[in-house]
Every structure is written in C-alpha cells, then in structure tokens.
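A.B. asks: fold the stuff below for me.
(one chain, ligands or ions: 2)
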Amino acid sequence: LITDEEQAKVWLDQYNSMAENIFSLAEEANWAYETDITPQHQQAQVQASLNRDRFKKEAYVNSTKFDVNSFNNETVKRLFSKIKNIGNAGLSDQTKLNRLTQLLADMKQVYSTGKVKDGDRELVFEPDLTNELANGRNYDRLQFIWQGWRDAVGPTLRPMYQEYVTLKNEAITELGYDDVGDYWRSWYETPTFEDDLEDLWQEVRPMYLELHAYVRRRLGEFYGGDKVDQDDPIPAHLFGNMWSQQWNNIYDLVEPFSGKQRIDVTSAMVNKGWDALRMFNESEQFFTSLGLIPMTPEFWRDSMIVRPEGREVVCYASAWDFYNRRDFRIKMCTEVTQDDLQTVHHEMGHIEYFLQYKDQPVAFREGANPGFHEAVGDCLALSVSTPKHLKEIGLIDGVLQEDDEADLNYLMKQALEKIAFLPFAYMMDQWRWKVFDGRITADNMNQEWWKLRQQYQGIIPPVSRSETDFDPGCKFHIPADVPYIRYFVSFIVQFQFYEAMCNAAGHTGPLYKCDFYRSPQAGQLLGDMLKLGSSRPWPDAMEAITGGRRMSARPLLNYFRPLTDWLRQNNTASGVRTGWTKFEPWTSSATK
Ligand SMILES: CC(=O)N[C@@H](CC(=O)O)C(=O)NC[C@H](CC1(C(=O)N[C@@H](Cc2ccc(O)cc2)C(=O)O)CCCC1)C(=O)O
Ligand SMILES: [Zn+2]
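C.D. replies: Ligands and ions are numbered 1, 2, ... in the order given. Here you go, the predicted structure:
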C-alpha cells in the first residue's frame, strides 16, 4: 500500500481534473435528454452515464492502493472517503449495470410522458393536472384526476421498480453497505440519525395533528360530512396537491379570518404582467441584495425556464451543476403562480450553493448534507413570502393590514406549506428504507405505502387501491431514484438558518415577520457556510451559521407559536378531536 501522502495528493489532483471532464460530459448528455426526450438522446445519456460509472469504479479501485488510515491530513482522508461514494457504479456485472442505467432512463421517461385521457383530450401533468388539483373544488372531478394519474403511470412502473430495487441493492451491497437505505443514510454521517429524525417528528407532530383536525373540519363543511368524516383520515385528493404533500392551494377553504386583505400572489403577478423571466430576475435580485453571488451569463443563456414547443421534455423543475465551474442551469416549465415563484427561489438556492462551492474539489461539491442543499432557497423564500416583502416588490397594493388576524391568516398559509409537508417527507423514505431492507416485499408495496400514509399523514385514498397499482411510483422521486429524507431535514433546518440570518440582520419582534432583504450580514453568514460544500462534517457547517451543532425544531415551533395556540383554542371551541380512529387502508369513506 502507498503510504506517501504527497503521492496521494498528486493522485487526488489528477482525479479532480478527470472527474470534472467526465462528470461534465455526463451532465450535458443528461441535459440534452431531459430537454428533448428522443431515443437518440436517451441512448447518448445512457452511454455517458455508463462512462461516468466506469470512471468512478476505476477511481474507487485505484484509491484502495493508498494506505489512507496512515495519512495525517484530514482533508485528504475525507476526499478518499468521498471517492468511495460511487453508488450504482458499485455493480461489478457490466450487463446488470447497463440494465439498471437503462431502467432509470425508462422510468424517467414513463413518468415524464404520462398523460390522462379526458374524453378526446390528453391531460399532461404540468400544467393540466397540477392546475386542476390546485384550483378544482368538485369532489368527483378531483377523484378522476387523482386516479387518472395513478392509472397512467403506476402499473407500468411497478415491475420496473421491483427490478431497480434488486439491481440497486446489489450495487450498494458490493460497496459494503447493508442495503440502499443504509447507504443513503450514511451521507448524514450521524449514527443516531434515525433516532434524531423520530425525535424531531415527535416534537412537531402535535402541531400537525391540530392542523389536520382543523383542516378536516373545514373540508367537512365544504364537501359535506358524508365525504369527509370527522373521525376518519381525510380523502387524499382534496388538498390541492397530487400527493397531499402541501396544502397551500386550498387556503381559500380553510382561511381562519375572512374579509381580511387576501394575499394572492398569483393574481398579482398575472395582473402586473410578470412572466417567467421576471420571476427569475426578482429571485436573483433578492440573492444579490444579500451580497450573494449573481447568476452567470451562461446560466441566463442556457437555462430552460419555460416548457418549449414541439418537443417532449422532463418538466420537473431541477437545478444543474455541470462540474466545470462555469455552467450552471435551471430547467423548469415555469407558470406564473405563487407555487412556481417559490420553486424558482428553491432552484436558485441550489445554483447559489453550486456557485459558492465551485472552487472546492469535485468530491466536496455537494451540500454539507443533502438537507442543507434543499434548505438554501426555501430559507430565503421565507423572507420573500412575508407580506412586508411582497408589498416591497409590488405584489401587494395599498396599505398592509398587520393585525393579529391578518398575521394568523399568513401563518396558516405558511403552515399549509411547511407543517403539512413534514409527515409526508418523513414517510417517503420510511417506505423506501423498508423496501430496500426487505421489511416491505414486492407483493405488499402498495398496501404498506397506504399504511404509512395513513399512520403519518392521516389520509386515505378516495378510491380503493390494490397491488396492481403502484402509488409510490406516481411521485417523481421514487422512479427518479432521488432520496427524500433531505426534504424533511430541510424543512427543519431552513428555520434554523432563517432565525440565524434574521438575528444577523438585526431583526427584532416575531420571527415570522422577519425580512432580511438587503442585509449583507445575513448574506455573509449564509455564504460563508455554503462555501464549505461537504468539506467538513455538517455539524461544523451548522455551527458556522447557527452556533449550534444539532438539528432543532425550536425555531420552527417558535415561528408558528401564535398559530399553534390559535389552532388548539379553535379546535377545542369547535369540539373537534385530533387524530383518527379508523384504520382500513383498503376501503375509503367515499365509497361507504
Ligand atoms: C440535477 C438535479 O436533479 N438537481 C437536484 C438538486 C440537487 O440535488 O442539486 C434537483 O434540482 N432536484 C429537483 C427537485 C425539484 C423540486 C422538488 O422535487 N421538491 C420536492 C419537495 C419540496 C417541495 C416544495 C419546496 O418548497 C421544497 C421542496 C417535491 O416537490 O416533492 C420541485 C419543487 C421544488 C424542488 C429539487 O430541486 O429538489
Ligand atoms: Zn431542491
């Protein structure tokens, strides 16, 4: 074994420049496929991905020639450990690796081209199904859309997913992990990670139960007690979202105080003639107001910010690092809605992270942990979505109403996006970890999915489900092989970052009113943490921005305190009970 640390450093430099070239080629081929889905582009993408995997595996093998444990330099040792992180490339059987790579491309295609037949029309996911679920208020029509999407992609994906699980588990066990879930959790470098997550969930669960009970009462008033029973889980298609993961689109049905100034960002943007480009410019302007790095000329030249005419694309929003320190892009089929304004900030948060750590070695060009990467844009969006800021950028006219009732309305809108999301984000990888470690087998995947959906979210399917369905496959991240616990982590830590930046900006008063717009101190605090990439364990990055080394739900609970108190009081006064008694995942209240 080579014990010469200087020789190791030379090898690492060679790895770094080769990695930049190979990864850049793979990203370009992936970009070409996702922005123009054709068989030729898919094949080129598969080949470039296999080429990258070959390089990763070769580097992994070569790295084992070094006696890393004998080295002194912590950074050198950490780089070697990152280079061992080769994922699917761990599959030594080339035929199997080819099959797995092809499967991933095929599952992405099935999901991205799925359509729902509606008479003589074909509805596409974005914008047709998204808009119908967000704005529709007809119980049966919503059920048609909800079921139509699941019928369109679920059964086709089911066998593909089962083969993916087998092949991916084989790749990862060759790397020495128990299974894929073990590998994905290892990125958090925290032995108590699962316990920490459960502790965080138990801390926020009471608030979720109050929100769930309140929303159930209001939905019962709107749709009728026969459709929404006050002791049952809630039918899944009534939340304004295909997966019941965020409920902000049904704000109008659950608004605590009517008659107050309605903050409807979507109609404000439409009325003011905003388009996708304006949304992106406004977002960038917020980032640069904090002294953060602006988007590059290449970003504005090469991003795809609206659905193009005349070709199939993967509309699902995403942010891309081409690992050449120059090319960074967003791909998004932007619509002029508040949801998409939020998503623009989210994606630009990824780009900002890419820009801040672009001079790190390739192996460190990632979030301190994956949750950190998801938290950047959302943290800034917490500031942007304040009524004070929306007025400042011209999306609210007239004098701001800032009384307690207006504030509770605002906090309700925020809770429908942030609190409702927590059980969904937590259960997504609970399901996948069980599939990967065998606790869930091929013949009960859908039943176990709905068991977890009911246990954590308190929702049930509006129509009965079976094992020919594959409802998990109807959520992008599952066929796209993208882990999800990162979003649960993000929705906790983004409030820790927000609180820290608010303090740095000198904010006083309730946390939820904080807008750190134009604060270089807030920007400096964030930017310095982002520059680290994954060069240090994430507690070091957490300490750099908040002073603490742990995830904590305290800032989130603090942010929502006025609403939680109001919900508890209102639920008691209305005589509703929190929680749900019924546990019948295969029948639903709608059919009784
Ligand atoms: C090359 C590549 O793939 N890059 C990665 C980024 C990286 O890894 O560097 C990437 O772009 N992933 C796409 C994914 C898209 C979105 C998403 O999927 N969001 C979750 C959860 C959520 C929901 C609301 C919210 O405010 C924040 C999160 C969902 O919609 O369920 C869609 C809407 C927002 C973000 C993303 O950006 O995370
Ligand atoms: Zn993201």
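A.B. asks: what about whatever residue of the chain ends up closest to ligand 1, neighbour count?
C.D. replies: Taking Cβ to the nearest ligand atom as the measure, the chain has residue 318 as its residue closest to ligand 1, at 3.2 Å. For every residue, glycine as well, the C-beta is placed using N, CA and C. By other Cβ atoms under 10 Å, the residues close to residue 318 number 19.
A.B. asks: and residue 572, how many neighbours?
C.D. replies: Per other Cβ under 10 Å, the neighbour tally for residue 572 reads 11.
A.B. asks: residue numbering should commence at 3 henceforth.
C.D. replies: Right, with 3 as the first residue, what we last looked at is residue 574.
A.B. asks: next SSE downstream of the helix or strand containing residue 22?
C.D. replies: If you go by DSSP states H and E, residue 22 is part of helix 7-36. Counting by DSSP H and E, the next helix or strand C-terminal to helix 7-36 is helix 41-65.
A.B. asks: tell me how many other residues crowd the closest residue to residue 215 other than its chain neighbours.
C.D. replies: Leaving aside its sequence neighbours, residue 215 sits nearest to residue 580 (Cβ to Cβ, 6 or more residues apart in numbering; 4.3 Å). Neighbour count for residue 580, taken as other Cβ under 10 Å: 17.
A.B. asks: A strand includes residue 580, no?
C.D. replies: No - Residue 580: not assigned to a strand; according to DSSP: H, G, I helix; E, B strand; the rest coil it is coil.
A.B. asks: so what's residue 217 up against?
C.D. replies: Taking Cβ atoms under 8 Å, 6 or more residues apart in numbering, we find residue 217 in contact with 236, 249, 252, 256, 418.
A.B. asks: need those in TSV (columns: pLDDT).
C.D. replies: Listed next are the contacts of residue 217 as TSV, based on pLDDT from 0 to 100:
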residue	pLDDT
236	97
249	98
252	97
256	98
418	98
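A.B. asks: which of these count as buried?
C.D. replies: The neighbour-count test (16 or more other Cβ atoms under 10 Å) marks 236, 249, 252, 256, 418 as buried among the contacts of residue 217.
A.B. asks: near ligand 1, from the residues you listed?
C.D. replies: Filtering the buried ones among the contacts of residue 217 for neighbours of ligand 1 using Cβ under 6 Å from any ligand atom leaves an empty set.
A.B. asks: now these in JSON lines, with secondary structure?
C.D. replies: Output for the buried ones among the contacts of residue 217, formatted as JSON lines (three-state DSSP):
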{"residue": "236", "secondary structure": "strand"}
{"residue": "249", "secondary structure": "coil"}
{"residue": "252", "secondary structure": "helix"}
{"residue": "256", "secondary structure": "helix"}
{"residue": "418", "secondary structure": "helix"}
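A.B. asks: which pair of the residues you listed spans the longest distance?
C.D. replies: Spatially, the most separated pair among the buried ones among the contacts of residue 217 is 236 and 418, at 13.3 Å (Cβ to Cβ).
A.B. asks: can you state the direction angle for the longest helix along the chain and helix 41-65?
C.D. replies: Assignment by DSSP state H gives helix 141-175 as the longest helix of the chain. Relative orientation of helix 141-175 versus helix 41-65 (axes from the mean of the first three to the mean of the last three Cα atoms, to 10 degrees): 40 degrees.
A.B. asks: on that earlier part again, packing partners for the helix holding residue 22?
C.D. replies: The contact analysis (3 or more Cβ pairs under 8 Å, 6 or more residues apart in numbering; DSSP states H and E) places helix 7-36 against helix 41-65, helix 76-85, helix 96-115, strand 320-323, strand 330-333.
A.B. asks: what's the last one in contact with?
C.D. replies: Right, strand 330-333. Strand 330-333 is contacted from outside by 33, 36-37, 282, 297-298, 300-301, 304-307, 315-316, 319-324, 346, 349-350, 353, 356-357, using Cβ under 8 Å, 6+ apart.
A.B. asks: rerun at 6 Å
C.D. replies: Residues outside strand 330-333 that contact it (Cβ atoms under 6 Å, 6 or more residues apart in numbering): 301, 304-306, 320-323, 349, 353, 356.
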